[in-house]
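Q: got a predicted model here, sequence first, then my questions.
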Amino acid sequence: MTDTAREAAPDTLPAEQTAAAAAAMESPASESPALGSAAADTAVDVEAAVNAMGDRARAASRVLARANRAWKDRALRAIGAALKANEAQVLAANAKDLEAGRANGTSTALLDRLALTPARIDGLVDALETLAGLPDPVGNVVRGQTLPNGLRVRQVNVPMGVVAAIYEARPNVTVDIAGLALKSGNAVILRGGSAAAHTNAALLDILRDTLDSVGLPADAVQSVDAYGREGANALMKARGRVDVLIPRGGRELIQNVVINSTVPVIETGEGNVHIFIDASADEDMAVEILVNAKTQRPSVCNTVETVLVHRDSTVLPAVARALAARGVRLHVDGRTMAALPDGVSAEPATEYDWATEYMDLEIAVATVDSLDDALAHIRRWTTGHTEAIITNDLANAERFIAEIDSAAVMVNASTRFTDGGELGLGAEVGISTQKLHARGPMGLSELTTTKWIVQGEGQVRG
């Protein structure tokens, strides 16, 4: 794409991200008719099928709401054991999805998101074990008191009920969301997208069989994947049967759900993540953090996408060399270009680059005159996910924390820590960038709401 074209379309997604979003909403032709097809009867049947699924989920949620912690923890550990016992089956299914992805020209970054390995399955098992070790959020007393009239009142955490999730090319999310929903007493309905269809089907079978084996309803975990895009649309319209819908993926997928859903939505956001290198930043620390934040797993939403370097900092040459040595493609402004060391090449940055979540080994770099300029740049381009500062100036760190309005703010740490598992939540449903109820990594407590319980001895209001 030329610079002129890039400047003309700063909100355009890279092609592979658009394709992934479409995959989460669409499906192979064999799964269901395309949206808006003439097969009205099929559309009605899909809507009825999804509504029936919601009714079954509602019935299952009532059982889960009564399940004690020991029962739910036993189920989580049983799911972990079943994943290990069926690892070969899961990896074989995943290999089919990866083969199809490569045949369709899926980018390396998105193939990485799609891939499961023995180590990643071990990670899922560890996350389930961590969830089992966490306190049960259900029944937690938020606040309470005895009123002067003798009424005993308390506000307690209770399950949402039926949670739905639409996501793309991330089969690990299938297990993460199912585990979090189970521990928090919720039933869940999933739409994982055609890119991971074989893997998700294998995982769903394991989840449902395991729930049944421990005496919990298999319908606590269901999927609309068999109904393709029509199923996703029906899920978005299942108000009254689904209590909350969580989209997880790129901008196109999320905005489609936000705009079209009649079910309440908790909006997760893309990660146009920034790191500001202050004038006082230590060179070794800056290099280590930047390399980790960009290259440790570039395809995920907490990866840094833009670096802002104070004009008085001396770390730019070392940072640029370290990133280039690891294959990171640099998009830089004029002052940064002039300061690059010999042997490091870069492309001129445009507004497209400041707006882009690359999700790949690419990064935008700008030189700024002050903390004020860094804050102004971030305010203009942030998606509200994660921002970080590298500094030895306490006053600048405190100001950055106070003035950055994002779900997570880091000081002298990699942005890769914006993650439910890393922050001690066991796993996450997604990273919320909105400000209502849940913000940041969404763990167990974010999948609960509250209920007021009032106990009396015959009191009436005067």
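A: Here it is on my side, so go on. Numbers count the residues shown, from 1 in each chain.
Q: buried set for stretch 352-364?
A: Within stretch 352-364, the residues scored as buried using 16 or more other Cβ atoms under 10 Å are 352-364. C-beta: built from backbone N, CA, C; applies to glycine.
Q: for that stretch, give the mean pLDDT please.
A: The average of the pLDDT scores along stretch 352-364 is 94.
Q: that stretch spans what distance, first to last residue?
A: Taking Cα to Cα, to the nearest Å, stretch 352-364 runs 10 Å from one end to the other.
Q: how far is it from where the chain is centred?
A: How far stretch 352-364 lies from its chain's middle: 18 Å, per Cα atoms, centre = their mean, to the nearest Å.
Q: likewise stretch 113-132?
A: The answer for stretch 113-132 is 16 Å, by Cα atoms, centre = their mean.
Q: contacts for it, please.
A: With contact meaning Cβ atoms under 8 Å, 6 or more residues apart in numbering, stretch 113-132 is reached by 73, 76-77, 79-81, 83-84, 87, 90-91, 94, 97-98, 101, 106, 169-172, 175-176, 179-180, 183, 195-196, 199, 299-300, 421, 426-427, 444.
Q: in it, what counts as buried?
A: Of all the residues in stretch 113-132, those buried under the rule 16+ other Cβ under 10 Å are 113-116, 121, 123-125, 127-128, 130-132.
Q: ok, now stretch 282-295?
A: Of the residues in stretch 282-295, those buried by neighbour count under the rule 16+ other Cβ under 10 Å are 283, 285-287, 289-295.
Q: now do it, average pLDDT.
A: Mean predicted lDDT for stretch 282-295 stands at 97.
Q: restricting to C-alpha, output it in CSV.
A: These are the backbone C-alpha positions of stretch 282-295, laid out as CSV (Å, rounded to 0.1, in the frame of the first residue of the first chain):
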residue,chain,number,x,y,z
ASP,A,282,17.6,3.2,31.6
GLU,A,283,18.9,1.8,28.3
ASP,A,284,19.1,-1.8,29.3
MET,A,285,15.6,-1.7,30.8
ALA,A,286,14.1,0.0,27.7
VAL,A,287,15.6,-2.5,25.4
GLU,A,288,14.5,-5.5,27.4
ILE,A,289,10.9,-4.2,27.9
LEU,A,290,10.5,-3.1,24.2
VAL,A,291,11.8,-6.4,22.8
ASN,A,292,9.5,-8.4,25.2
ALA,A,293,6.5,-6.2,24.5
LYS,A,294,6.8,-6.4,20.8
THR,A,295,8.3,-9.8,20.0
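Q: contacts for that stretch?
A: For stretch 282-295, the surrounding residues in contact (Cβ under 8 Å, 6+ apart) are 273, 275, 277, 303-304, 307, 313-315, 318-319, 322-323, 326-328, 361, 363, 388, 390, 392, 412-416.
Q: drop anything exposed from these.
A: Among these, those classed as buried by 16+ other Cβ under 10 Å are 273, 275, 277, 303-304, 307, 313, 315, 319, 322-323, 328, 361, 363, 388, 390, 412, 414-416.
Q: show me which residues of whichever helix in the chain runs longest are buried.
A: Using DSSP state H, we find that the single longest helix of the chain is helix 40-66. Under the neighbour-count criterion of 16+ other Cβ under 10 Å, helix 40-66 has 43, 46-47, 49-51, 53-54, 56-58, 60-61, 63-64 buried.
Q: any idea which element the residue nearest to residue 174 when sequence neighbours are not counted lies in?
A: Distances taken as Cβ to Cβ, 6 or more residues apart in numbering place residue 203 nearest to residue 174, at 4.8 Å, with adjacent residues excluded. Assigned by DSSP states H and E, residue 203 belongs to helix 197-213.
Q: just checking, what packs against that helix?
A: With contacts taken as 3 or more Cβ pairs under 8 Å, 6 or more residues apart in numbering; DSSP states H and E, helix 197-213 sits against helix 69-85, helix 87-103, helix 171-183, strand 221-223.
Q: make JSON lines from the buried residues of stretch 113-132 and add pLDDT and distance to residue 342 to it.
A: Shown next, in JSON lines, are these (pLDDT from 0 to 100; distance: Cβ to Cβ, whole Å):
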{"residue": "113", "pLDDT": "86", "distance to residue 342": "35"}
{"residue": "114", "pLDDT": "93", "distance to residue 342": "39"}
{"residue": "115", "pLDDT": "95", "distance to residue 342": "37"}
{"residue": "116", "pLDDT": "96", "distance to residue 342": "42"}
{"residue": "121", "pLDDT": "97", "distance to residue 342": "45"}
{"residue": "123", "pLDDT": "93", "distance to residue 342": "41"}
{"residue": "124", "pLDDT": "95", "distance to residue 342": "45"}
{"residue": "125", "pLDDT": "96", "distance to residue 342": "48"}
{"residue": "127", "pLDDT": "91", "distance to residue 342": "45"}
{"residue": "128", "pLDDT": "95", "distance to residue 342": "50"}
{"residue": "130", "pLDDT": "92", "distance to residue 342": "47"}
{"residue": "131", "pLDDT": "92", "distance to residue 342": "51"}
{"residue": "132", "pLDDT": "95", "distance to residue 342": "54"}
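Q: now these as JSON lines including secondary structure?
A: Shown next, in JSON lines, are the buried residues of stretch 113-132 (DSSP: H, G, I helix; E, B strand; the rest coil):
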{"residue": "113", "secondary structure": "helix"}
{"residue": "114", "secondary structure": "helix"}
{"residue": "115", "secondary structure": "coil"}
{"residue": "116", "secondary structure": "coil"}
{"residue": "121", "secondary structure": "helix"}
{"residue": "123", "secondary structure": "helix"}
{"residue": "124", "secondary structure": "helix"}
{"residue": "125", "secondary structure": "helix"}
{"residue": "127", "secondary structure": "helix"}
{"residue": "128", "secondary structure": "helix"}
{"residue": "130", "secondary structure": "helix"}
{"residue": "131", "secondary structure": "helix"}
{"residue": "132", "secondary structure": "helix"}
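Q: and the furthest pair within those?
A: Across those, the longest distance by Cβ to Cβ is 27.0 Å; it joins 114 and 132.
Q: got the phi and psi for the nearest residue to residue 383 once chain neighbours are set aside?
A: Leaving out its chain neighbours, the residue that sits closest to residue 383 by Cβ to Cβ, 6+ apart is residue 272, at 4.4 Å. Note on residue 272: backbone dihedrals following degrees, to the nearest 10 are phi -80, psi 80.
Q: residue 272 touches residue 382, doesn't it?
A: Yes - between residue 272 and residue 382 there is a contact at 6.3 Å, judged by Cβ atoms under 8 Å.
Q: just the pLDDT for the residue lying closest to residue 49 once chain neighbours are set aside.
A: Leaving out its chain neighbours, the residue that sits closest to residue 49 by Cβ to Cβ, 6+ apart is residue 227, at 6.5 Å. We have a pLDDT of 94 for residue 227.
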